[in-house]
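K.L.:
model this:
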Amino acid sequence: MLKPYFDGKISLESYVPRSEAWDAAILLSQYYSSLLALVTVMGYDYVYIATSVHLVLQLRLLKKRIQDSLDQRYDGRCKLEICVAIQHHQFLYSMFLQMKEIYSAMLLYHYMVTLISTCSISLELILTRKDFVNYLVQVLSMAFFIVQFAMYAFPAEQITFEFSDIADAIYSSTWYNSVTDVQKMILYVMMKAQRQQYFTGAGLIDINVEAFESVS
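P.N.:
You can find the predicted model right below:
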């Protein structure tokens, strides 16, 4: 039954006893492991991208809420909504810090893999002569590593920009027409937003557009 899919070779090198039952069992286990690894990696990437998009959208909504609150003429209502906006900002900032901690080692891993892969493939393309098919395979392999790292670097850069843009959004509003209490409250948010923080690779390198440019 497995002969059309199994011709005495298995995808991962291993010792296989001379038995058709063992051949089938090991072949199926390797297919299962490969499929599980593929789903895990894609799921990990999907969770990162989905969480990053959610955080970016929430930050844009927060900027709109702060601007609308500062443009109101009712000081009591404005103060209440600014308090809610500050709590929202604190929640989003804590979410950013959790993501930064969770993905720290993984971001360093992707950066190093992309850097080593692009350098080694580029060197091989320069020093060796290959036919068109092998050349295309090498180029596509390098493009795969670059695109995968871009999926992490660009959302990280966008999140940092959205946090820092909150200060510009506040300054562009009519905050100067608000009462002193509201101005003091909003000053804290502006000071916090001006401190740019990036996702890092284990604290060794900032993950942003500049990091992407260094490996592409």
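
K.L.:
switch to C-alpha atoms for all contacts and neighbour counts from now on
P.N.:
Noted.

K.L.:
where does the protein have low pLDDT?
P.N.:
For the chain, residues meeting the criterion pLDDT under 70 lie at 1-20, 22-24, 26-27, 30-41, 72-76, 130.

K.L.:
could you redo the last one with a cut-off of 50?
P.N.:
Low-confidence segments of the chain (pLDDT under 50): 1-6.

K.L.:
which residue is nearest the centroid of it?
P.N.:
The chain has Y152 as the residue nearest its centroid, 3.3 Å off, counting by C-alpha atoms, centre = their mean.

K.L.:
mind listing what it touches?
P.N.:
Counting by C-alpha atoms under 8 Å, 6 or more residues apart in numbering, Y152 makes contact with Y48, I49, L107.

K.L.:
Can I take it that the second one is in a strand?
P.N.:
No - when the secondary structure is assigned by DSSP: H, G, I helix; E, B strand; the rest coil, I49 falls in helix instead of a strand.

K.L.:
and the gap between P155 and H54?
P.N.:
Distance of P155 to H54, computed by C-alpha to C-alpha, to the nearest Å: 11 Å.

K.L.:
who has more neighbours, the two?
P.N.:
Taking neighbours as other C-alpha atoms under 10 Å, P155 and H54 compare with P155 leading, 23 against 12.

K.L.:
Does that one lie in a helix or a strand, and which?
P.N.:
helix 132-172 (DSSP states H and E).

K.L.:
and if you look at L97?
P.N.:
helix 75-102.

K.L.:
Which of the three states applies to R129?
P.N.:
coil.

K.L.:
What about A25, how many residues nearby?
P.N.:
13.

K.L.:
my read is it is in a helix, agree?
P.N.:
Yes - in this structure, A25 lies within a helix as judged by three-state DSSP.

K.L.:
if we can go back for a sec, now do the buried residues in the helix holding L97.
P.N.:
By neighbour count on 16 or more other C-alpha atoms under 10 Å, the buried set for helix 75-102 is D75, C78, K79, E81, I82, A85, I86, H89, L92, Y93, F96, K100.

K.L.:
what distance separates that helix from the middle of the whole chain?
P.N.:
21 Å (C-alpha atoms, centre = their mean, to the nearest Å).

K.L.:
which of the contacts of Y152 tops the neighbour count?
P.N.:
Neighbour-wise, those (other C-alpha under 10 Å) top out at L107, 22 neighbours.

K.L.:
picking up where we left off before, can you list the contacts of Y152 in TSV and add distance to D68?
P.N.:
Converted to TSV, these look like this (distance: C-alpha to C-alpha, whole Å):
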residue	distance to D68
Y48	30
I49	29
L107	37
